[in-house]
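**Student:** Test case, fold it:
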Amino acid sequence: MENYNNEIFTRVVKAGRRTYFIDVRSTKNTSEMYITITEKKRTENEAEKFKIFLYKEDFDKFFRALSETIEYAKTNDKSVQTPRREFLNVG
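**Tutor:** Numbering: from 1, shown residues only. As a prediction, the model looks like this:
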């Protein structure tokens, strides 16, 4: 059986006990691409992994929401206590 490795491009971000892997992958049977974001957190006894799959049709909305969230976090301090939740329609 052929060992299928669908990683096309990857970036690794090391941040203390956490490591983030941002990968561009392709589907097995088509040429479609998607992104996975994996967080690997090391503790004294084990490592935990969490993964997000982000599909091409959602890239722009996800990037816009992430950019707005990062900008908000950079320009506001934690004393701001007004929760703000906005939903972007996917589809």
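
**Student:** The chain: helices as residue ranges?
**Tutor:** Secondary structure of the chain (DSSP state H): helices at 59-75.

**Student:** Sketch out the low-pLDDT regions of it for me.
**Tutor:** Residues of the chain meeting the criterion pLDDT under 70: 1-5, 80-86, 88-91.

**Student:** who's the most centrally placed residue in it bridged to?
**Tutor:** Nearest to the geometric centre of the chain sits Ile37, at 3.5 Å (Cα atoms, centre = their mean). Taking DSSP bridges as the rule, Ile37 bridges to Ile22, Ile52.

**Student:** mind listing what it touches?
**Tutor:** Ile37 makes contact with 20-23, 51-52, 54, according to Cβ atoms under 8 Å, 6 or more residues apart in numbering. C-beta coordinates here come from the backbone N, C-alpha and C atoms, glycine included.

**Student:** likewise Val13?
**Tutor:** Per Cβ under 8 Å, 6+ apart, neighbours of Val13: 19-20, 22.

**Student:** Same question for Ala15.
**Tutor:** If you count contacts by Cβ under 8 Å, 6+ apart, Ala15 has none.

**Student:** With Lys49 instead?
**Tutor:** Residues near Lys49 by Cβ under 8 Å, 6+ apart: 38-41.

**Student:** again, only using 6 Å
**Tutor:** If a contact means Cβ atoms under 6 Å, 6 or more residues apart in numbering, then Lys49 has 38, 40 as its contacts.

**Student:** cool, Thr36 as well?
**Tutor:** 23, 25, 51, 53.

**Student:** Arg11 touches Tyr20, doesn't it?
**Tutor:** No. Counting by Cβ atoms under 6 Å, Arg11 does not reach Tyr20; the two are 8.3 Å apart.
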